[in-house]
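Visitor: quick check, what structure comes out for this input:
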Amino acid sequence: MQTSSPSIWVLGLGITGLSCVRYLHAQGLSVAVWDTRPTPPGAEQLAAEFPLVALKTGPFEAKVLAKATTLVVSPGIALATPEIKTAIDSGVEAIGDIELFARAADKPVIAITGSNGKSTVTTLVGEMIAAQGMSVGVGGNIGEPALALLGKDHDCYVLELSSFQLETTSSLKPRIATVLNVSDDHLDRYRDFSHYRDTKLTIYRNAERVLESADDANTQSGRVDAIRFGLNVGDFRVEAGQLLSPKGPLMATEEMALVGGHNHLNALASMALAQAVGVDEAAMKTALKTFAGLRHRCQSVVVKHGVHYVNDSKATNIGATEAALMGLTEFAGRIHLIAGGDGKGADFSQLVPLFANSLKSLTTLGKDGQALATTFAHSTYCDSLEQAFAHAAALAEPGEMVLLSPACASIDMFANYMVRGDRFCQLAEAL
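Guide: Numbering: from 1, shown residues only. Sure, this is the predicted structure:
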């Protein structure tokens, strides 16, 4: 194995890193992997598939990275990492898996980002395109890595993109791109909210068409030809209980399998995006009538003793929790919220008015749980999800809801938000 001076270092292994190695190896390029973790996920698979591709572990070394031509950087690793920045300053190219994808893709790409709703919209757009009878590759920050979608004879691609992925992407030329919304998130990585927002907005660079939210000025591109969606205004909007496009009413919101006002917005955005690749209204309606949503996103788990238990573990920032609560207005004042975890530097004070109107109790946990508890008078801090669940369930009465919508990342207590959500579901189903 050659570890000293490959032309390309893949920094960070895992699922995305493995997809990069597969792609680069298939191009006949000299590649090695470097991960700061002593036993990174995917190490065994790398050794089995590519026994001649070296895996280096431990801290990055600037003098070694500077000898490469290209660094393919995992989304979880900041370009501001000193050793990486030093290499970049010396002329080494730093890109990500989406940039590699962009250089190879030869079919239309729908690019989707936002603080919240992007997984739902990405999946729903994919369902609409499939209902049209087209072959679609759906992935990126959700499901399959983007590079794994190549070479499958798809008619188009739908990519969910995080701000981290956009940092290392410059060549993507989407058929249409959107920033669905922007709220405080990842402020532990960015200088401030403006830096985070501006990174999101780079998705519009090189896009043929752009889709903005008429309800969120932070999503707007400044382009005069921008398409807009919103609950009450925009090219795609809700009017008299109908989903409306520039062609007229599509269907009643009550016919949708998805529920809640935030999902009306998701539907409108999906309609606009799918239309850009030729999806007709019949296919849109088919998808909207059958797509009931994603696991861990306002997922109705069970009703026990008249109490509704809802898993919204994918709400890893305050904007997602706001969207969930605003979509559950029929339970206003009857929600027992479980929240907390790693707040990533977010300002929880903006939740105070919404909590006052929506909650009956607040049970918090995790690294920033005590700070979150100050946002509501009837709050209790617990040491574990099990304790928090037991406390909230004991308070809940028939006709009320116990909602897990953490407004925080899970990394302080769980491997990921899915594990957190699965544990909540297990506890609810065991009642």
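Visitor: I would like the residues contacting the strand or helix carrying V64, please.
Guide: Using DSSP states H and E, V64 sits within helix 62-65. Applying C-beta atoms under 8 Å, 6 or more residues apart in numbering, the contact partners of helix 62-65 are 4-5, 9, 34, 71, 82-84, 86-87, 92. (C-beta placed from N, C-alpha, C; glycine too.)
Visitor: and which of those residues is nearest H25?
Guide: Checking the contacts of helix 62-65 against H25 with C-beta to C-beta, the nearest one is W9 at 13.6 Å.
Visitor: ok, the closest one to V72 distance?
Guide: Distance, W9 to V72, by C-beta to C-beta, to the nearest Å: 7 Å.
Visitor: related to what we said a few turns ago, just checking, next helix/strand downstream of the helix holding V64?
Guide: Where DSSP H and E defines the elements, the next helix or strand beyond helix 62-65 is strand 70-73.
Visitor: circling back: quick check on the contacts of helix 62-65: which are buried?
Guide: 9, 34, 71, 83-84, 86-87, 92 (16 or more other C-beta atoms under 10 Å).
Visitor: among these, which lie within strands?
Guide: Counting by DSSP state E, the part of the buried ones among the contacts of helix 62-65 found in strands is 9, 34, 71.
Visitor: nearest to G341, of these?
Guide: Among those, and counting by C-beta to C-beta, the member closest to G341 is W34, at 29.1 Å.
Visitor: need the pLDDT of the closest residue in space to that closest one that isn't next to it in sequence.
Guide: Using C-beta to C-beta, 6 or more residues apart in numbering and skipping residues adjacent in sequence, the residue nearest W34 is K56, 4.5 Å away. pLDDT recorded at K56 is 97.
Visitor: mind showing which ranges of the stretch 251-400 of the chain have poor pLDDT?
Guide: By pLDDT under 70, the stretch 251-400 of the chain has no low-scoring segment.
Visitor: which stretches of the stretch 301-431 of the chain form helices?
Guide: 318-326, 352-358, 369-373, 385-395, 417-429 (DSSP state H, counting those that start in this stretch).
Visitor: picking that back up, widest-spaced pair of the buried ones among the contacts of helix 62-65?
Guide: W34 and T86 (14.4 Å).
Visitor: the helices in the stretch 51-200 of the chain, which residues?
Guide: Per DSSP H, counting those that start in this stretch, the stretch 51-200 of the chain carries helices over the ranges 62-65, 82-89, 97-104, 118-131, 163-167, 193-201.
Visitor: buried sites along the first one?
Guide: Neighbour-count burial for helix 62-65, counted by 16+ other C-beta under 10 Å, picks out 62, 64-65.
Visitor: can I get those residues in JSON lines including distance to G96 and pLDDT?
Guide: Formatted as JSON lines, the buried residues of helix 62-65 follow (distance: C-beta to C-beta, whole Å; pLDDT from 0 to 100):
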{"residue": "A62", "distance to G96": "20", "pLDDT": "96"}
{"residue": "V64", "distance to G96": "20", "pLDDT": "96"}
{"residue": "L65", "distance to G96": "15", "pLDDT": "97"}
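Visitor: can I get those residues in a markdown table including distance to G306?
Guide: Shown next, in a markdown table, are the buried residues of helix 62-65 (distance: C-beta to C-beta, whole Å):
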| residue | distance to G306 |
| --- | --- |
| A62 | 61 |
| V64 | 62 |
| L65 | 59 |
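Visitor: I335 is in contact with A324, isn't it?
Guide: No - contact criterion C-beta atoms under 8 Å: I335 and A324 do not qualify, at 9.4 Å.
Visitor: what do these two both touch?
Guide: L403.
Visitor: let's have the helices of the stretch 301-431 of the chain in CSV, adding distance to G114 and mean neighbour count.
Guide: Output for the helices of the stretch 301-431 of the chain, formatted as CSV (distance: least, C-beta to C-beta, whole Å; neighbours: other C-beta atoms under 10 Å):
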stretch, distance to G114, mean neighbour count
helix 318-326, 9, 24
helix 352-358, 19, 15
helix 369-373, 23, 22
helix 385-395, 27, 19
helix 417-429, 17, 19
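Visitor: ok, which of the ones you listed comes nearest L273?
Guide: The nearest among the helices of the stretch 301-431 of the chain, by C-beta to C-beta, is helix 318-326 at 18.5 Å.
Visitor: need the contact partners of that closest one.
Guide: 115-117, 181-185, 260-262, 298, 312, 314-315, 335, 337, 339, 343, 346-348, 350-351, 354-355, 358, 403, 405-407.
Visitor: count the residues that sit near A282.
Guide: 10 (other C-beta atoms under 10 Å).
Visitor: and the closest residue in space to G96 that isn't next to it in sequence, how many neighbours?
Guide: Nearest non-adjacent residue to G96, counting by C-beta to C-beta, 6+ apart: T168, 3.2 Å away. The number of residues packed near T168 is 21, by other C-beta under 10 Å.
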